[in-house]
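> Below: sequence and its predicted model.
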Amino acid sequence: MNNEIIYSVIAIGIGSIMLIMAVIAILNNKLSVAIIAAGVVSLFASVLFLLMSAPDVAMTEAAIGSGLSTLIFFYVLNKIKRQNA
Amino acid sequence: MLRNFLIALVLASFGFIFYNLYNSYEPQTELTGIAAHYAENGASEVGAANLVTAVVVSYRSFDTLGEITILFLTAAIISFFLKLSKEDEERVIIHRGTSELLKTASQLLIPLMFLFGIYVFINGHLTPGGGFQGGAIIASAVVLAIMANPNMTINHNVIIWVESISGVSVVLIGVLGIVLGGGFLDSTLDGYGLGEFGTIFSAGTIPIIYSLVGLKVGAELSNILNMYQKSQKEV
């Protein structure tokens, strides 16, 4: 019973961090900050997947969601910036 | 005004739909239908300790073949659109210096990450993870290498050969299932290939297929990153 309460508190905390980061990603004017915030959403989502006992999904999310896609977004951002300059 | 009203209307209807969904949701206490069959007979029929892998590579392996094809197409399309002209290819851009910390850490971490990725896809039938996860971990090792040394180039021929050979081998092993087992992509090979439950050499062709998938996914994702890295040369 006690474990369940701790589990819910951690899950709600991670969920609210994800929500805050998602709102930052939408509303922030600086694109680099928005990309980082979107990566943080994926990172905490992977922790949440691990808590929900889906370690394989968590691995994929951590590697692709927060690693590779963030890097690809930065590559594209760099290219757009240079073409606009 | 009208626009805001419409947006509010759409949001309210979404809220209504999701509230009804939430209200009518009752968690199931036991598995039903085909899921119960998988959970009960998965270990004895397929021989994989990891039931997720048993479903992904044996029961639903046709889906996995489709996923591999989709990833291959994505990599091909990205390489097609990011292809550079000869002049751009030869241009050398001077990057801002990488920090000493990143360079030193990458020398230690990259071999370990490669090793962990290989571990994940070889043990796909025993521990959580599998070909896609292992491939993604290998690709993250490549990311670290590119970040530590931005002028690094990946040998294109190696990637093409690894990718093609593993892709063809997966299909060939699938055809082997028709000859020896119950059908296309049957991993058990009619019960002969099962081995001892819980060891590396068990579960029929699952470890081989997942290793090939891992190599293929790792090569494809590395190729995509390499194309993006190269495309920065274009003015």
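Everything's here; your move. Numbers count the residues shown, from 1 in each chain, chains lettered A, B, ... in the order given.
> residue ranges with poor pLDDT in chain B?
Flagging of chain B using pLDDT under 70 yields the residue ranges B:190-193, B:235.
> can I have whichever strand or helix holds B:Leu71 written out in CSV, keeping just the CAs?
Under DSSP states H and E, the secondary-structure element containing B:Leu71 is helix B:61-81. As requested, the backbone C-alpha atoms of helix B:61-81 are provided in CSV (Å, rounded to 0.1, in the frame of the first residue of the first chain):
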residue,chain,number,x,y,z
SER,B,61,7.1,-11.5,-37.3
PHE,B,62,5.4,-10.3,-40.5
ASP,B,63,4.8,-7.0,-38.8
THR,B,64,8.5,-6.8,-37.9
LEU,B,65,9.4,-7.4,-41.5
GLY,B,66,7.1,-4.5,-42.5
GLU,B,67,8.8,-2.3,-39.9
ILE,B,68,12.2,-3.1,-41.2
THR,B,69,11.0,-2.3,-44.7
ILE,B,70,9.6,1.1,-43.6
LEU,B,71,12.8,2.0,-41.8
PHE,B,72,14.8,1.0,-45.0
LEU,B,73,12.5,3.2,-47.1
THR,B,74,12.9,6.1,-44.7
ALA,B,75,16.7,5.8,-44.8
ALA,B,76,16.7,5.6,-48.6
ILE,B,77,14.4,8.6,-49.0
ILE,B,78,16.5,10.7,-46.6
SER,B,79,19.7,9.8,-48.4
PHE,B,80,18.1,10.6,-51.7
PHE,B,81,17.0,14.1,-50.6
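> Now do it: which elements does it pack against?
Helix B:61-81 is packed against helix B:156-180, helix B:206-231, with contacts defined by 3 or more Cβ pairs under 8 Å, 6 or more residues apart in numbering or on different chains; DSSP states H and E. Backbone N, C-alpha and C define where each C-beta goes, glycine included.
> The same query, at a cut-off of 6 Å, please.
Using 3 or more Cβ pairs under 6 Å, 6 or more residues apart in numbering or on different chains; DSSP states H and E, the elements in contact with helix B:61-81 are helix B:206-231.
> quick one: the helix it packs on near chain A?
Yes - shown here: helix B:206-231 in contact with chain A (Cβ under 6 Å from any Cβ of the partner chain) through B:Tyr228.
> What is the burial count for B:Val162?
Other residues within reach of B:Val162 by the criterion other Cβ atoms under 10 Å in any protein chain shown amount to 18.
> excluding its backbone neighbours, what's nearest it?
The shortest distance from B:Val162 to any residue other than its chain neighbours is 4.6 Å, reached at B:Ala219 (Cβ to Cβ, 6 or more residues apart in numbering or on different chains).
> What number of residues are in the vicinity of the one you found?
The burial count assigned to B:Ala219 is 26, neighbours taken as other Cβ under 10 Å.
> That one and B:Val158 touch, don't they?
No - B:Ala219 is beyond contact range of B:Val158, at 8.1 Å (criterion: Cβ atoms under 6 Å).
> show me the contacts for B:Val56.
For B:Val56, the residues meeting the contact criterion (Cβ atoms under 6 Å, 6 or more residues apart in numbering or on different chains) are B:Thr64.
> run the last query once more with 10 Å
Applying Cβ atoms under 10 Å, 6 or more residues apart in numbering or on different chains to B:Val56 gives the contacts A:56, B:48, B:50, B:63-64, B:67, B:124, B:130-132, B:206, B:210, B:213.
> the residue most distant from the middle of chain B, which is it?
If you look at how far each residue of chain B sits from its centre, by Cα atoms, centre = their mean, the farthest one is B:Met1, at 46.7 Å.
> ok, now how distant is that one from B:Ala8?
Between B:Met1 and B:Ala8 the computed distance is 11 Å (Cβ to Cβ, to the nearest Å).
> Look up how far B:Val217 lies from B:Gly42.
Using Cβ to Cβ, one obtains 24 Å as the distance from B:Gly42 to B:Val217.
> Neighbour count for these two, which is higher?
Counted by other Cβ under 10 Å, B:Gly42 and B:Val217 do not tie: B:Val217 has more neighbours, with 29 against 20.
> The more buried one touches B:Phe121, doesn't it?
Yes - here B:Val217 lies in contact with B:Phe121, judged by Cβ atoms under 10 Å, at a distance of 8.6 Å.
> what do those two both touch?
B:130-135, B:137-138.
> between those residues, which is nearest A:Ile14?
B:Gln133 (21.0 Å; Cβ to Cβ).
> is it true that the closest one touches A:Ala62?
Yes - look at B:Gln133 against A:Ala62 with Cβ under 10 Å: they come within range, at 9.4 Å.
> So the two - more neighbours on which side?
Regarding B:Gln133 and A:Ala62, a neighbour count based on other Cβ under 10 Å identifies B:Gln133 as having more, with 27 against 21.
> got a list of what the more buried one touches?
Under the contact definition (Cβ under 10 Å, 6+ apart), the residues listed for B:Gln133 are A:55-64, B:117, B:120-121, B:124, B:210, B:214, B:217.
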